[in-house]
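> Just to be clear, the model below is a prediction. Sequence and coordinates:
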Amino acid sequence: MSVLPLFSSLRGLQARDLGGELAAGLTLAAIAIPEQMATARLGGFDAQLGLFAFLAGSLAFAALGASRILSVGADSTITPIFAAILTTMAAHSADRPGLAGVLAILVGAALIIGGTLRLGWIADLLSKPVVTGFLAGIAVHIVLSQAPVVLGVPGGGDTAYQRVAALIAERGEINPLALALALGVFAVTLACERLSPRVPGALIALALAVATVFVFGLDKRGVAVLGNVPASLPHISLPSIDLPSLYQLIPLSILIALIVMVQTAASTRSFASADADINRDFVGVGAGNVLAGLTGAFPVNASPPRTAIMAEVGARSQAAGLCAVAIILALAVSGTKLIARVPDAALGGILLFIAQRIFRVQVFVEIYRRTPGEAALAVATMAAIVLLPIAFGVAIGILLSLLHGVFIITQTRPIELERVPGTTVWWPPGALGTLQGEKEDGVLVLAFQAPLSFLNAYDFRQGLLDAIGKKGRPVRLVVLEASSVVAIDYTAADVLADVIRTSRARGADFAVARLESVRAEEAFRRFGLTELLGRDHMFHSVEEAVKTRKR
């Protein structure tokens, strides 16, 4: 993989495309400005740092990423995960923004290494039910963290229980003006999205909220606003950190990098083009994180919703993202007076909108309807993230996903095949419908429909030997139909060799048919299985094996 030349997504862009790219950039900026400020506030940072995060993520990705429309910036999926941990660490060691900057650099380094080593497969470690539960848990955290802002009360607490308890205790202090403002922003944003995703509902709602605060003087009636935001350009500097804090951030950075990989891969695949390259996109998002850390911001991520907007408005390259960068840069420098009047409750309303968008109720229902067991996996992941410290809950979700994958592989057993009447095709009897399958006297044909590995090798051996023992009559030939055996590891090869020897010791010849996987065939040679079995015992079809070895 090569990350050069720079700005490859601009290749092929012509003068006649610039108008469309500018329009797409204006749309992206209108959507990103309120969202980025709200996400910064979600993490406990100054709203302006959200704009800096977008600038860094978008500029670096445009330079080094492959996707022409992927949007990178501050993200409400990952921000709650590291926000609480950084707060705890800052109370004992360094300043919080400095910790966030170092974390972003570490996340970026992990992503760049992952992309360079072509580790895109790591993004597939999380199943859809686990991702659905993960997003639902994050949505609950967003709601709980923003409830005090929306209600106009102090709030408090780090855990879900503590936050709910604080809200109950302060229920008599609710500011109805702040609540009305937040719900109004939420309603306007939701209505605009339902009307058309191209309508910048959050920006419209934010403008209306600012106007309402100004006209009715709500800032003098208990509605908090962001206040003075200094006009400044982001500048490059290396954040300092002590070694104990650095060591604490490394596991968190790996966890965040994995989540960013999953979301980046999902965004790239959802809007894939002919030049899609997930590994290079990892490098681009990683570079965005490094630049965000060097400019005093915090970790960034690919955004599926903003990427979808770019696809819908017809963006053809990262020129649209660069246009949005220029607009937001101008706002960061000269538009700070407008930002200062933004009410906190309005940003809370935007985050409530984001929370309802990532809490995918319909996906939950669909998973439950099709596979209740995996729906339980989604609920367990959500519960772990809500009830446990959030980083630990995310780790539990990843572990559940891996255990689920292992469970599926370990449940595979050898299946006896029968010949479809009047054909040379051998098939599982349960899939023959009303047809009565044919068998050959003294012949046992078995299929194993999974990779052979240490996870299932011993169950494979036991299942095969049990099938031989259940025949009732002497088995003269065992044929392993291996079309689904795509890989074999050392343990499985050793077990398969033992199975071949055991079958022969019991007087049954052993043959393998349809070993189609290049990896499995190479493993046969590497582990000596081809030599043990003999080339004359390997066939292109079950029927060929039966007719040849039965003689």
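Thanks, I have it. Being a predicted model, the structure only gives us computed values, none of them experimental. Numbers count the residues shown, from 1 in each chain.
> Could you use CA atoms for every contact and neighbour count after this?
Will do.
> Start from the N-terminal end of the chain and give the strands.
Ranges of strands in the chain, per DSSP state E, are 72-73, 301-302, 415-416, 418-419, 426-427, 443-447, 477-481, 509-513, 538-539.
> Let's have these in TSV, adding mean neighbour count, mean pLDDT and distance to residue 294.
TSV is the format used below for those (neighbours: other CA atoms under 10 Å; pLDDT from 0 to 100; distance: least, CA to CA, whole Å):
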stretch	mean neighbour count	mean pLDDT	distance to residue 294
strand 72-73	30	95	14
strand 301-302	30	94	16
strand 415-416	19	92	57
strand 418-419	21	90	65
strand 426-427	20	90	60
strand 443-447	24	94	56
strand 477-481	25	95	56
strand 509-513	23	95	58
strand 538-539	20	94	59
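> Could you save these as TSV and add columns showing distance to residue 234?
Output for the strands of the chain, formatted as TSV (distance: least, CA to CA, whole Å):
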stretch	distance to residue 234
strand 72-73	15
strand 301-302	19
strand 415-416	63
strand 418-419	70
strand 426-427	65
strand 443-447	62
strand 477-481	62
strand 509-513	64
strand 538-539	66
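> between these, which gets nearest to residue 132?
Closest to residue 132 of the strands of the chain is strand 301-302 (CA to CA; 17.0 Å).
> just checking, what packs against the lowest-mean-pLDDT helix or strand in the chain?
Scoring the helices and strands of the chain by mean pLDDT, DSSP states H and E places helix 336-340 at the bottom, with a mean of 74. The helices and strands touching helix 336-340, judged by 3 or more CA pairs under 8 Å, 6 or more residues apart in numbering; DSSP states H and E, number zero.
> In CSV, list the C-alpha atoms belonging to that helix.
Only the C-alpha atoms of helix 336-340 are listed here, as CSV (Å, rounded to 0.1, in the frame of the first residue of the first chain):
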residue,chain,number,x,y,z
THR,A,336,-16.3,33.9,17.7
LYS,A,337,-18.8,36.5,18.8
LEU,A,338,-21.6,34.4,17.2
ILE,A,339,-20.2,31.2,18.9
ALA,A,340,-20.2,33.0,22.3
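> separation between the closest residue to residue 416 other than its chain neighbours and residue 340?
Distance criterion CA to CA, 6 or more residues apart in numbering; nearest residue to residue 416, sequence neighbours excluded, is residue 446 at 4.4 Å. Using CA to CA, to the nearest Å, one gets 72 Å for the distance from residue 446 to residue 340.
> out of the strands of the chain, nearest to residue 105?
Across the strands of the chain, residue 105 has its closest neighbour in strand 301-302 (12.8 Å, CA to CA).
> buried stuff in stretch 306-313?
Going by neighbour count (16 or more other CA atoms under 10 Å), the buried part of stretch 306-313 is 306-311, 313.
> Centre of the chain to it, how far?
When distances are taken as CA atoms, centre = their mean, to the nearest Å, stretch 306-313 is centred 19 Å away from the chain's centroid.
> So what touches it?
With contacts defined as CA atoms under 8 Å, 6 or more residues apart in numbering, stretch 306-313 is touched by 24, 28, 31-32, 69-71, 197-198, 267, 271.
> Quick one: the helices in the stretch 301-450 of the chain, in order.
304-312, 319-334, 336-340, 344-358, 361-370, 372-387, 390-410 (DSSP state H, counting those that start in this stretch).
> Export those to CSV and append columns for distance to residue 488.
Below are the helices of the stretch 301-450 of the chain laid out as CSV (distance: least, CA to CA, whole Å):
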stretch, distance to residue 488
helix 304-312, 37
helix 319-334, 46
helix 336-340, 60
helix 344-358, 39
helix 361-370, 31
helix 372-387, 28
helix 390-410, 13
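> Can you say which of those is packed in most?
Stretch with highest mean neighbour count among the helices of the stretch 301-450 of the chain: helix 344-358 (a mean of 26; mean count of other CA atoms under 10 Å).
> Any regions of the chain where pLDDT drops low?
Residues of the chain meeting the criterion pLDDT under 70: 1-5, 91-94, 231, 272-275, 335-336, 431-434, 471-472, 550-551.
> Domain boundaries for it, per the record?
Following automatic domain parsing, the chain resolves into domains at 18-406, 415-549.
> Any chance of CSV for those domains, columns distance to residue 7?
CSV is the format used below for the domains of the chain (distance: least, CA to CA, whole Å):
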stretch, distance to residue 7
domain 18-406, 4
domain 415-549, 37
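> Relative to residue 110, how far out is the nearest residue to residue 87 once chain neighbours are set aside?
Spatially, and ignoring its direct neighbours in sequence, residue 87 is nearest to residue 96 (6.5 Å; CA to CA, 6+ apart). Counting by CA to CA, the gap between residue 96 and residue 110 amounts to 21 Å.
> So for those two, which sits in the more crowded spot?
Using other CA atoms under 10 Å as the criterion, residue 96 and residue 110 rank with residue 110 on top: 24 against 18.
> didn't that one look like it was pressed against residue 257?
Yes. At 6.4 Å, residue 110 and residue 257 qualify as touching, with contact defined as CA atoms under 8 Å.
> now the residue minimising distance to the centre of the chain, nearest residue through space, not along the chain?
Closest to where the C-alpha atoms of the chain average out (CA atoms, centre = their mean) is residue 262, at 2.6 Å. Distances taken as CA to CA, 6+ apart put residue 123 closest to residue 262, at 4.3 Å, once the chain neighbours are dropped.
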